[in-house]
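# just a sequence and a predicted model for now, questions to come.
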Amino acid sequence: MLGTHSKVLPRAALAWLFASAVSCNCERNVPFKQPGAQETKTKTPPANEFQPTLGTSFPAKTRRITIENTTLSLKGEDVRAVLALENPKRTKAFVVASAQTSDLLRVAQPNHQDPKRFDSKPIHELARPEECTTESASIRTLSSRMALGTVRWSCDRSLVDHHWIADTKKAQLLEHVSSLPSHQDGRPRFSIQFRASDADHNNYEDLNASLKIEHADDPILLELSWLNRPAGLVRDRGEPEQFIRHLADEAWRILGKKPGKDLAKAKAAAERALYVHRVLCAESGAARLRIGGAYIPCRESTATARARAALAAVMIREGKLHAALELSELMEDPTARASQEERTRVDAEWGRVKQPATAAIRPLVRAEVGPDANLRYQNLFFLNDDVIVLRTHVAQQVDIRADSPRLERLPRPVSAPLTDAKQTMQIERVYRDCGSYSAMLSTSPTRVRGGLQNILVPLSASTNTVPWPPTKPSAIKPPTRLPACPAANTTRFAVAAPTIVAWAPQGFLVTDQERLNIVSAEASGVADSERVALESSAPVPLPLRGSRMTPDGSRYVVEGHVGILVTQRGSNNKVRFLRPSGWENIPGLVRAAAIAPHAQRVAILKGHTLALITW
């Protein structure tokens, strides 16, 4: 032996490890990294405090190691990290190994017939995507019977960390946790610190993970815990829901104070709550943590709904009405549906928004349309300032100058209003699916080769632009269907915001809260990178097609169940909220809206009623 045990180490720690790489003709002696060795020079820990044992990490292509004169050789695998523990019966080693397409956690023990040779078996294997390489590995003890193995992958400039928690006595896997890269810079957005302790005082070691989530300049600290039970570790399912609810309640508590006071604090609490949901919950579509190979299911998160409602109230008070409208529409999200109390409170905030004194609503006619009919984008528009067209099973028109308006069949066919210039594509719906917004387009069966087909167009920067597992750029094809969501219980549903307001020569214009984006699309496919922000002072590309924006691009309308917004574009956009007296007397939700070409008029289809709003 070339060394002795450090005095502060437990008996379980072996002193030295000898290693040699297959590619080297020489034999190299590599000692174990002794845990806490440097700290003992200045500080002696309490006698009853557990001191972790750190294993030794190795470079790639290390194929053979020697532990206490016993050799471990892995066929076709590199030894990346080893933790050797002294068992009352015989030495046991935990090994992190890298194969050509996977990384493994192994347990090794001396062979019964040949004590000079180790036998090993895998405890858990991680399939490694071909775009990834194993950058580093480490292993250490967490307690007298728990070990933590970690492997880091480098995947096309993104980093992925995998953690194994193993039972050192039973030599079996207890848990597997992965932190994935963010969509922004390829780094994990949080750090994880594991520790073992007897949380429920039953003489069995439980597991705790302390998460430090990066968020602006104020990191979010969150605890996840597992209890040790006869069947294994059982995670506390109350998190992250309880943590999100705590932040949402804090936001509402602040909002309940004198209006305007500490509004920034309420906003910060609500945004932090929603960010935790985004990073940890499968339903967000951007979850960055996987436990046991799966994202954390938050299911119908009432805490997230509460946080969204609080942020909607904040945005209303700040005058960011488009952002508030989008959040208000999300109160119908089936994975986070708001309570009646939260809807009432948000509705009360909208009721305090100043409206033009001359705003009025006038019911025109009843429209016989099915409750599930898709009427939003192609079925309501102004033929001129005085005539409204409603396309259902037939195209009909209403002259609003008449004392008793009525629906009359159009004398000639009319085309759909929201199409590209060549009328090869038209907008069908806007969906929210797993945290992202997408538009579903259909192509003309007579104008496009291949006939009728659906095309999916991302409307905003995806929350999950770093897919997992990663996909080679050459393998990415224009999507024709909505991507699979990591949360099995997520429901795709149509939304009112963001809203496509017109189609310009360069692409269609879609609202992005307080601004507009131009998104390009082609009948042969979609380029996700073709998305350009249109500044409020910049002119809109002309000519325009669509019913929600005036022909000159100066004004556009966006509708929601709480009311409608009319935006007058300029260096400082002027946004009017319209929910005139009598709005509540018309039953149903707003299903479509259109703005008159030149007059201050908006037509809406609310429930089964076609109505006119003026101001």
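Alright, I've got the coordinates. All values reported here derive from a predicted model rather than from experimental measurement.
# contacts and neighbour counts: CA atoms only from here.
Fine.
# buried ones in the helix or strand where residue 348 lies?
According to DSSP states H and E, residue 348 maps onto helix 340-351. The neighbour-count check on helix 340-351 (16 or more other C-alpha atoms under 10 Å) flags 342, 343, 346, 347, 349, 350 as buried.
# in contact with the first one, which residues?
When contacts are counted by C-alpha atoms under 8 Å, 6 or more residues apart in numbering, residue 342 is found next to 306, 309.
# what's the average pLDDT for the helix holding residue 348?
Mean pLDDT, helix 340-351: 96.
# what is the subsequent helix or strand relative to it?
Past helix 340-351, the next helix or strand by DSSP H and E is strand 360-366.
# chain center to that following strand, what's the gap?
Relative to its chain's centre, strand 360-366 lies at 41 Å (C-alpha atoms, centre = their mean, to the nearest Å).
# stretch 264-275 now?
17 Å.
# same question, stretch 542-556
Distance of stretch 542-556 from the chain centroid (C-alpha atoms, centre = their mean) equals 33 Å.
# in PDB, list the C-alpha atoms belonging to that stretch.
Taking Å, rounded to 0.1, in the frame of the first residue of the first chain, the C-alpha atoms of stretch 542-556 are listed here in PDB:
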ATOM      1  CA  LEU A 542     -49.500  46.400 -47.100                       C
ATOM      2  CA  PRO A 543     -51.900  45.200 -48.500                       C
ATOM      3  CA  LEU A 544     -53.600  43.400 -45.700                       C
ATOM      4  CA  ARG A 545     -56.200  40.600 -45.600                       C
ATOM      5  CA  GLY A 546     -58.200  39.900 -42.500                       C
ATOM      6  CA  SER A 547     -61.200  41.100 -40.500                       C
ATOM      7  CA  ARG A 548     -59.500  42.200 -37.300                       C
ATOM      8  CA  MET A 549     -57.200  45.000 -38.700                       C
ATOM      9  CA  THR A 550     -58.200  48.000 -40.700                       C
ATOM     10  CA  PRO A 551     -56.900  48.100 -44.300                       C
ATOM     11  CA  ASP A 552     -54.400  50.800 -43.500                       C
ATOM     12  CA  GLY A 553     -53.100  48.800 -40.500                       C
ATOM     13  CA  SER A 554     -53.800  51.600 -38.000                       C
ATOM     14  CA  ARG A 555     -56.200  49.700 -35.700                       C
ATOM     15  CA  TYR A 556     -56.900  46.200 -34.800                       C
END
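# show residues contacting that stretch.
377, 380-382, 417-421, 501-505, 539-540, 557-558, 566-570, 593-598.
# could you redo the last one with a cut-off of 6 Å?
The contact list for stretch 542-556 (C-alpha atoms under 6 Å, 6 or more residues apart in numbering) reads 381, 417-418, 501-504, 540, 557, 566-569, 594-595, 597.
# check what pLDDT residue 87 gets.
pLDDT, residue 87: 68.
# for residue 413, that is, sorry about that
Residue 413 carries a pLDDT value of 81.
# so what's it closest to, chain neighbours aside?
Using C-alpha to C-alpha, 6 or more residues apart in numbering and skipping the chain neighbours, the partner closest in space to residue 413 is residue 395 (7.2 Å).
# how close does that neighbour get to residue 356?
33 Å (C-alpha to C-alpha, to the nearest Å).
# who has more neighbours out of the two?
Per other C-alpha atoms under 10 Å, whichever of residue 395 and residue 356 has more neighbours is residue 395, with 19 against 13.
# how about residue 335: what's its closest non-neighbour residue?
Excluding the flanking residues, the one nearest residue 335 by C-alpha to C-alpha, 6+ apart is residue 300, at 4.4 Å.
# circling back: export the buried residues of helix 340-351 to CSV and append columns for distance to residue 365.
What follows is the buried residues of helix 340-351, written out as CSV (distance: C-alpha to C-alpha, whole Å):
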residue, distance to residue 365
342, 33
343, 29
346, 30
347, 27
349, 31
350, 27
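# ok, longest strand in the chain?
The residue-count maximum for a strand in the chain (DSSP state E) belongs to strand 132-143.
# distance check, residue 123 against residue 333.
41 Å.
# residue 50: how many residues sit nearby?
Using other C-alpha under 10 Å, residue 50 is surrounded by 14 other residues.
# that one belongs to a strand, doesn't it?
No. Counting by DSSP: H, G, I helix; E, B strand; the rest coil, residue 50 is not found in a strand; it is coil.
# confidence score at the residue at minimal distance from the centre of the chain?
When C-alpha atoms, centre = their mean is applied to the chain, the residue found nearest the centroid is residue 286 (2.2 Å). pLDDT, residue 286: 81.
# cool, residue 568 as well?
Taking residue 568 on its own, its pLDDT is 95.
# next one: it from residue 354, what distance?
Here the criterion is C-alpha to C-alpha. By it, residue 568 lies 16 Å from residue 354.
# then residue 378?
Relative to residue 354, residue 378 is positioned 31 Å away (C-alpha to C-alpha).
# tell me who's in contact with residue 311.
Neighbours of residue 311 in contact, by C-alpha under 6 Å, 6+ apart: residue 270.
# tell me the secondary structure at it.
helix.
# and for residue 278?
From three-state DSSP, the assignment for residue 278 is helix.
# please apply the same query to residue 330.
helix.
# before we move on, the earlier item: if you count what's nearby, which of residue 568 and residue 354 comes out ahead?
Ranked by neighbour count (other C-alpha under 10 Å), residue 568 and residue 354 place residue 568 first, with 17 against 10.
# so the next helix or strand after the longest strand of the chain versus strand 132-143, what angle?
Sequence order places strand 146-155 as the next helix or strand after strand 132-143, per DSSP H and E. Inter-element angle recorded for strand 146-155 and strand 132-143: 160 degrees (by axes from the mean of the first three to the mean of the last three C-alpha atoms, to 10 degrees).
# confidence score at residue 34?
Note for residue 34: predicted pLDDT of 35.
# with the one 4 residues further on instead?
Taken from the predicted model, the pLDDT recorded for residue 38 is 34.
# helix, strand or coil: sort out residue 584 for me.
Using three-state DSSP, the structure places residue 584 in helix.
# what's the neighbour count on it?
Other residues within reach of residue 584, judged by other C-alpha under 10 Å, total 10.
# and what of residue 156?
If you count neighbours by other C-alpha under 10 Å, residue 156 ends up with 12.
# avg pLDDT for stretch 147-156?
Here the average pLDDT along stretch 147-156 is 93.
# try stretch 498-506
On average, stretch 498-506 scores 93.
# buried stuff in it?
For stretch 498-506, burial by neighbour count (16+ other C-alpha under 10 Å) applies to 498, 499, 500, 501, 502, 503, 504, 506.
# show me what contacts the second one?
Listed by C-alpha under 6 Å, 6+ apart, the contact set of residue 499 reads 510, 511.
# neighbouring contacts of the helix or strand containing residue 95?
Counting by DSSP H and E, the element that carries residue 95 is strand 91-98. Strand 91-98 has contacts (C-alpha under 6 Å, 6+ apart) with 77-85, 103-109.
# please apply the same query to stretch 150-168.
The contact list for stretch 150-168, computed with C-alpha under 6 Å, 6+ apart, reads 131-138, 145-149, 172-181, 186-187.
# buried ones from these, can you make that a PyMOL selection?
In PyMOL syntax, the buried subset of these is picked out as below (16+ other C-alpha under 10 Å):
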select buried, resi 132+133+134+135+136+137+138+146+147+148+149+172+173+174+175+176+177+178+179+180+181+186+187
